[in-house]
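Engineer: Attaching a predicted model along with its sequence, questions to come.
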Amino acid sequence: MKLVSFPEADVPRKWRVQQVSLQEQAWPGTEPSGTHPWHDPELQPVSVLLLDDERVVAALDVLTKEVRPGGRCLVASGLSTVVTDAALRGRGYGHAIVSAGRELIRSRGDDLGLFTSDRTLQGFYERAGWQLLAGTVLVGGTPDDPFPSDDLDKVALGAFFTQPARAAVDDIVGCRVELFPGSIDRLW
Ligand SMILES: CC(C)(COP(=O)(O)OP(=O)(O)OC[C@H]1O[C@@H](n2cnc3c(N)ncnc32)[C@H](O)[C@@H]1OP(=O)(O)O)[C@@H](O)C(=O)NCCC(=O)NCCS
């Protein structure tokens, strides 16, 4: 097994085709089709792939933007489109890829990890080092067309990597955090 990561637009085609196929398998008809980048380039999308030889067995994308909880400017990154090949689930590949996503965000110096997930997957993310942000609502969309996570059955997960992020815990945990990633990736 090998982990690789690339800016979404630079994923080698042989792997990008497989990544898109896994995403279409998990969310049929709900995401753009084709191998071109799906995410808003403003969010600096980075794809992380778990490979078994040349086969993509699991994948995710990391999206990034600045947030300003309590007036502090922090670089926040979150996991998006996390998927394991349906034929290969339950073998720990999902655990490996969401752990790798966390490590990528930490090791490059981003202040915090911040994203939403289906409530049923809370334990799955916690086992990979992510922290439940009890009561936190991420407000997606745009200021003119907000898309808050409490409209859905979602939980917020995070990780506080830097001192400025740790100083902002009380403005994040249990709070509404304006993520506003835009109208392409409305919520991550
Ligand atoms: C979620 C997903 C990535 C997990 O991948 P995986 O390779 O099976 O993950 P692992 O083998 O490391 O771990 C599986 C664990 O997740 C749990 N799990 C997986 N899907 C679950 C679900 N929908 N609800 C509750 N638990 C789930 C399993 O029960 C298992 O729990 P365990 O660690 O206690 O045994 C995979 O099920 C998937 O691709 N799902 C469809 C896409 C999706 O929902 N992505 C997440 C978006 S937030």
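Structural biologist: Noted; the coordinates are in hand.

Engineer: What is the one helix or strand residue 95 maps to packed up against?
Structural biologist: According to DSSP states H and E, residue 95 maps onto helix 93-107. Counting contacts by 3 or more C-beta pairs under 8 Å, 6 or more residues apart in numbering; DSSP states H and E, helix 93-107 is packed against strand 2-7, strand 46-52, strand 55-67, strand 74-84, strand 112-118, helix 122-127, strand 154-160. Using the backbone N, CA and C atoms, a C-beta is placed for each residue, glycine as well.

Engineer: again, only using 6 Å
Structural biologist: Where contact means 3 or more C-beta pairs under 6 Å, 6 or more residues apart in numbering; DSSP states H and E, helix 93-107 is packed against strand 46-52, strand 55-67, strand 74-84.

Engineer: Give me the mean pLDDT for it.
Structural biologist: Averaged across helix 93-107, pLDDT comes to 98.

Engineer: Give me the contacts around that helix.
Structural biologist: Here helix 93-107 makes contact (C-beta atoms under 6 Å, 6 or more residues apart in numbering) with 3, 48, 50, 57-58, 60, 62, 77, 79, 84, 113, 128-129, 161.

Engineer: Keep only those residues that also lie close to the ligand.
Structural biologist: 58, 84 (C-beta under 6 Å from any ligand atom).

Engineer: what's the closest of the contacts of helix 93-107 to the ligand?
Structural biologist: Among those, residue 84 lies closest to the ligand (C-beta to the nearest ligand atom), at 3.3 Å.

Engineer: Pipe the helices and strands packed on helix 93-107 into TSV and attach distance to residue 118 per row.
Structural biologist: Listed next are those as TSV, based on distance: least, C-beta to C-beta, whole Å:
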stretch	distance to residue 118
strand 46-52	20
strand 55-67	14
strand 74-84	10
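
Engineer: List the buried residues of the helix or strand hosting residue 166.
Structural biologist: Assigned by DSSP H and E, residue 166 belongs to helix 163-167. Using 16 or more other C-beta atoms under 10 Å as the test for burial, helix 163-167 gives residue 165.

Engineer: do the same with stretch 59-68
Structural biologist: So for stretch 59-68, counting by 16+ other C-beta under 10 Å, buried means 59, 60, 61, 62, 63, 64, 65, 67.

Engineer: How about the last one, nearest residue that isn't a chain neighbour?
Structural biologist: In other words, residue 67. residue 76 (4.7 Å; C-beta to C-beta, 6 or more residues apart in numbering).
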